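Novice: Mind folding the following:
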Amino acid sequence: MRRFFCDAIAGSAATITGDDAHHICRVLRMKPGDALSLCDGAGYEYDAAIVSASPEAIVCSLGRRHKSGAESPVRVTLFQCLPKTGKMETIVQKCTELGVFAVTPVFSARCVVVPDKDFEKKRVRYRRVALEAAKQSRRAMVPEITPLVSVDQIDPAAFDLFLVAYEEELSRPLKQALRKANTPASIALFVGPEGGLEESEVQRLCSLGAVSVSLGKRILRTETAGMAMLAQVLYEVEL
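Specialist: Predicted coordinates for the structure are as follows:
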């Protein structure tokens, strides 16, 4: 069944507008009476049927509402230090496909890229990337791309478990930290930039409750580390 995200759901009706409306009407040539599935972007899906169709608006009647099985029971947020130009889009896309709940861009001491006044425009683009990746991977929610924060603004206590990928951590692998945790409902993953994290940054986070972990014997690029960390975490918590 065809699936679409829709943010105009009210009672027993929903209206799809914009590019999706044009696609449904002109490309798919769907018509009144045709069935489809609508996602509210917050983890729920609705059985729906088209009532009227035009390139400007597709009006649907709604049937059964049910929670999507595509979403993880644990909300995982990735704190990603700003990588070099072009890499953040890939990180957002792939982590959305894997099941991330939210992505927070972070500015740290060793970031090569210095954020400018136009960063909000980039965030709009990242949100679009997340939307398209959520559609492709048949998710029922679109991860939030939050505003940029500096590393000293982050509060690990806001999460049940806050894990920092740190190349100098030699005694605590990621798997061990996860298996010691007591069924967390929210997990944060922190990944440094190309130059790595400064020791003082890691120490501050750990003094506030974060746990530094090793991702293995090999050093990963920043655009790889978040994906690898997320995949391992979701493998553990979704069993």
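Novice: Show me this structure divided up by domain.
Specialist: As assigned by automatic domain parsing, the chain contains the domains 3-67, 75-237.
Novice: Surely Asp160 and Ala210 touch.
Specialist: No: taking contacts as Cβ atoms under 8 Å, Asp160 lies outside contact range of Ala210: 11.9 Å. To be clear about C-beta, it is placed using only N, CA and C from the backbone, and glycine gets the same treatment.
Novice: Which one's more surrounded, these two?
Specialist: Using other Cβ atoms under 10 Å, the more surrounded residue of Asp160 and Ala210 is Ala210, with 23 against 15.
Novice: wait, isn't the more buried one in contact with Leu197?
Specialist: No: using Cβ under 8 Å, Ala210 is not in contact with Leu197, being 11.2 Å away.
Novice: shared neighbours, the two?
Specialist: Common contact partners of Ala210 and Leu197 (Cβ atoms under 8 Å, 6 or more residues apart in numbering): Val164.
Novice: circling back to that earlier point, tell me the most buried of the domains of the chain?
Specialist: When the domains of the chain are scored by mean count of other Cβ atoms under 10 Å, the highest mean neighbour count falls to domain 75-237 (a mean of 17).
Novice: Can you pull out the low-pLDDT segments for the chain?
Specialist: Residue ranges of the chain with pLDDT under 70: 239.
Novice: Give me the longest helix you can find in it.
Specialist: helix 119-136 (DSSP state H).
Novice: contacting residues around the next helix or strand after that one?
Specialist: Downstream of helix 119-136, the first helix or strand assigned by DSSP states H and E is strand 144-145. If you take Cβ under 8 Å, 6+ apart as the criterion, strand 144-145 is touched by 92, 101-103, 105, 123, 126-127, 130.
Novice: Determine the set of other helices and strands touching the next helix or strand after strand 144-145.
Specialist: Next helix or strand after strand 144-145 toward the C-terminus (DSSP H and E): strand 149-150. Packing partners of strand 149-150 (3 or more Cβ pairs under 8 Å, 6 or more residues apart in numbering; DSSP states H and E): strand 102-107.
Novice: Restrict the strand it packs on to CA atoms and write it as PDB.
Specialist: In PDB, the C-alpha atoms belonging to strand 102-107 read as follows (Å, rounded to 0.1, in the frame of the first residue of the first chain):
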ATOM      1  CA  ALA A 102      16.900  13.000  16.700                       C
ATOM      2  CA  VAL A 103      20.200  14.500  15.500                       C
ATOM      3  CA  THR A 104      21.800  17.400  17.300                       C
ATOM      4  CA  PRO A 105      24.700  19.200  15.500                       C
ATOM      5  CA  VAL A 106      27.400  20.200  17.900                       C
ATOM      6  CA  PHE A 107      30.300  22.700  17.800                       C
END
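Novice: what's the offset of it from the middle of its chain?
Specialist: Chain-centre distance of strand 102-107: 10 Å, with Cα atoms, centre = their mean, to the nearest Å.
Novice: rewinding a little: format the CA atom coordinates belonging to the longest helix of the chain as PDB.
Specialist: Extracted C-alpha coordinates of helix 119-136, given in PDB (Å, rounded to 0.1, in the frame of the first residue of the first chain):
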ATOM      1  CA  PHE A 119      23.500  27.500   9.600                       C
ATOM      2  CA  GLU A 120      19.700  27.600  10.100                       C
ATOM      3  CA  LYS A 121      19.400  27.300   6.300                       C
ATOM      4  CA  LYS A 122      21.500  24.200   6.400                       C
ATOM      5  CA  ARG A 123      19.300  22.800   9.200                       C
ATOM      6  CA  VAL A 124      16.200  23.200   6.900                       C
ATOM      7  CA  ARG A 125      18.100  21.200   4.300                       C
ATOM      8  CA  TYR A 126      19.000  18.500   6.800                       C
ATOM      9  CA  ARG A 127      15.400  18.200   7.900                       C
ATOM     10  CA  ARG A 128      14.400  17.700   4.300                       C
ATOM     11  CA  VAL A 129      17.000  14.900   4.000                       C
ATOM     12  CA  ALA A 130      15.600  13.300   7.100                       C
ATOM     13  CA  LEU A 131      12.100  13.400   5.700                       C
ATOM     14  CA  GLU A 132      13.100  11.800   2.400                       C
ATOM     15  CA  ALA A 133      15.100   9.100   4.200                       C
ATOM     16  CA  ALA A 134      12.200   8.400   6.500                       C
ATOM     17  CA  LYS A 135       9.900   7.900   3.500                       C
ATOM     18  CA  GLN A 136      12.400   5.600   1.800                       C
END
